[in-house]
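>>> just a sequence and a predicted model for now, questions to come.
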Amino acid sequence: MAILAPGMPIRAGLERIVRGHTGALIVLGDSEKVWEVASGGFVLDAQLTPQALRELCKMDGGLILSEDLERIKAAGVHFVPDGDLPTMETGTRHRSADQVSQQTGVPVVVVSASMSTMAIFLEGERHPIMEPNQLLAQANQALDTLASYRERLSVAAMNLSILEVRDSVAVDDVVQVGRRIEMFRRIDSEVRNYVSGLGVQGRLIQLQRKELVSGVDDLARLVSDDYRPRYADPSTFSISALSQLTWEELDDTQRMAEAIGFDLTVHNLGSGVSPRGHRQLAAISDLSPRAAQAVVDHFGTLRSIVAASTSELSQIAGVGSQRARIIREQLQRTLDDESDPLNG
Ligand SMILES: Nc1ncnc2c1ncn2[C@@H]1O[C@H](COP(=O)(O)OP(=O)(O)OP(=O)(O)O)[C@@H](O)[C@H]1O
């Protein structure tokens, strides 16, 4: 979608076509499969400019662009895709575009002469190409949603921290945090699509997005490290495995627990699980990752870290008495801390 962002040559050409009330059917690549469904027209090898696009689209038929989208390879082409491929489109231009895209796997852009709209067909789906203002409004809406999802994720992570220090986490609590992380990531991928569709106009959205996503990947990794069974490796136990689930499956806690890697023949959703302490220790800014790992290796569980005295903690390599005191204070504070746990 980035090549169709405002300011790009193809986009500038499409906007001219819309303004001129002519239509267009443009195949974004000239693979062998594309030539197989192309008939008539004439082959050329012209530099893609907005003007050339506009002029060549005045002809009956469609265009084929080179793979790098820098050149126009053919114009006035009549496309003859398999007419049995399923499509909801009614007009012949739009039906052909949808079917050509499905049959060849190459995206196809259409400008409707009658509706003055632009769309891209990709893998059997039609995606509208919106005016910059429309796109910006939708991007801002998605960003607002992302901010509220981030807030809910922060609350879920905070609750998990409190349960962890009290040593009363159940499988279900870990799954809830996983759900929040995955939902956040899905909305973020929508925001990223808008950013790439907006091109340079998406810079401000991108800056705000970056603020919102900071810490979330680390959170996913640390939660996975905290609850992964000793015998499992990151490929069999990971919060990130939730990306494979459908939206409906994200409502099914049992299915989610399985996807993360909990063995439900051993646990049920209410079973208690103990974290190692990776996430809580990562929130202590003075502690190097190496020293944090040494603490986890020595004590094994967060419960033992919480129970350890300052002097026991201070014996660990890279900790020392001052950091040992900070660890103790920080763990104690977590019980009534109201701050955002993602930011430590
Ligand atoms: N298979 C095809 N290959 C190339 N061009 C096509 C094909 N089918 C239609 N077109 C082009 O689309 C033009 C408009 O066709 P039609 O009005 O039936 O389509 P439409 O989907 O309703 O599009 P629009 O909204 O632009 O009217 C045709 O005159 C032709 O130039």
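That came through fine.
>>> what's near enough to touch Y149?
If you count contacts by CB atoms under 8 Å, 6 or more residues apart in numbering, Y149 has them with R180, M183, F184, I187. Where C-beta positions appear, they are placed from N, C-alpha and C, glycine not excepted.
>>> the residue nearest to it when sequence neighbours are not counted: helix or strand, and which one exactly?
Leaving out its chain neighbours, the residue that sits closest to Y149 by CB to CB, 6 or more residues apart in numbering is F184, at 4.6 Å. In this assignment (DSSP states H and E), F184 forms part of helix 171-198.
>>> beyond that helix, next helix or strand please.
Using DSSP H and E, the helix or strand that directly follows helix 171-198 along the chain is helix 203-213.
>>> beyond that following helix, next helix or strand please.
helix 216-227.
>>> follow-up on the earlier one: surely the residue nearest to Y149 touches A147?
No: counting by CB atoms under 8 Å, F184 stays clear of A147, with 10.2 Å between them.
>>> more neighbours, the two?
F184 (25 against 14; other CB atoms under 10 Å).
>>> could you check how far that one is from the ligand?
The spacing between F184 and the ligand, counted by CB to the nearest ligand atom, to the nearest Å, is 38 Å.
>>> now that residue: how far from R221?
Computed with CB to CB, to the nearest Å, the distance linking F184 and R221 is 14 Å.
>>> do D233 as well
From D233 to R221 the distance is 13 Å (CB to CB).
>>> more neighbours: which of those two?
Between D233 and R221, R221 has the larger neighbour count (other CB under 10 Å), namely 17 against 10.
>>> show me what contacts that one?
R221 neighbours (CB under 8 Å, 6+ apart): I239.
>>> likewise S311?
S321, A324.
>>> what is the top strand by length along the chain packed up against?
Secondary structure of the chain read by DSSP state E shows that its longest strand is strand 71-79. Contacts defined by 3 or more CB pairs under 8 Å, 6 or more residues apart in numbering; DSSP states H and E place strand 71-79 against strand 38-39, strand 42-47, helix 50-56, strand 62-65.
>>> residues of whichever helix or strand comes after that strand that come out buried?
Next along the chain after strand 71-79, taking DSSP H and E as the criterion, comes helix 92-104. Neighbour-count burial for helix 92-104 flags R93, H94, R95, S96, A97, D98, Q99, V100, S101, Q102, Q103, T104 (criterion: 16 or more other CB atoms under 10 Å).
>>> so what pLDDT did the last one get?
pLDDT recorded at T104 is 97.
>>> off-centre distance for the helix holding F184?
7 Å (CA atoms, centre = their mean, to the nearest Å).
>>> does anything pack onto that helix? Which helices or strands?
helix 132-165, helix 203-213, helix 216-227, helix 253-260.
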